[in-house]
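*Asks:* quick one: sequence and predicted model below, then my questions.
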Amino acid sequence: MKVNYGFVLLRDSGRANKEVADEFLKEIYEISKIFASSILTLKGKR
């Protein structure tokens, strides 16, 4: 996921606050799990 990669780069380069970037990464991960679950449900695989 490109957004995830961008936040990791910002965090690791020191251009973003580590705590804030980590919180965004956590939210991105949770949203991606929701989307994945929705796609599986729509395809009838769950």
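*Replies:* Received it, and whenever you're ready, just let me know what you need.
*Asks:* hey, let's count contacts and neighbours off CA atoms from now on
*Replies:* Will do.
*Asks:* what sits against the most centrally placed residue in the chain?
*Replies:* For the chain, the residue nearest the mean C-alpha position is residue 28 (2.5 Å; Cα atoms, centre = their mean). Taking Cα atoms under 8 Å, 6 or more residues apart in numbering as the contact definition, residue 28 lies against residue 4.
*Asks:* next, give phi and psi for it.
*Replies:* phi -60, psi -40 (degrees, to the nearest 10).
*Asks:* separation between it and residue 44?
*Replies:* 24 Å (Cα to Cα, to the nearest Å).
*Asks:* got it, and residue 14?
*Replies:* With Cα to Cα as the criterion, residue 14 and residue 44 are 43 Å apart.
*Asks:* model confidence for the residue located most distally from the centre of the chain, exactly?
*Replies:* Farthest-out residue of the chain from its mean C-alpha position, per Cα atoms, centre = their mean: residue 44, at 24.2 Å. Note on residue 44: pLDDT of 88.
*Asks:* what do you get for residue 1?
*Replies:* So residue 1 comes in at 63 (pLDDT).
*Asks:* over to the one 4 residues further on?
*Replies:* According to the model's per-residue confidence, residue 5 sits at a pLDDT of 87.
*Asks:* the one 4 residues further on too?
*Replies:* Per-residue confidence (pLDDT) for residue 9: 92.
*Asks:* same thing with the one 10 residues further on?
*Replies:* Reading off the confidence values, residue 19 has pLDDT 93.
*Asks:* same deal with the one 10 residues further on?
*Replies:* Residue-level confidence at residue 29 comes out at 92, pLDDT.
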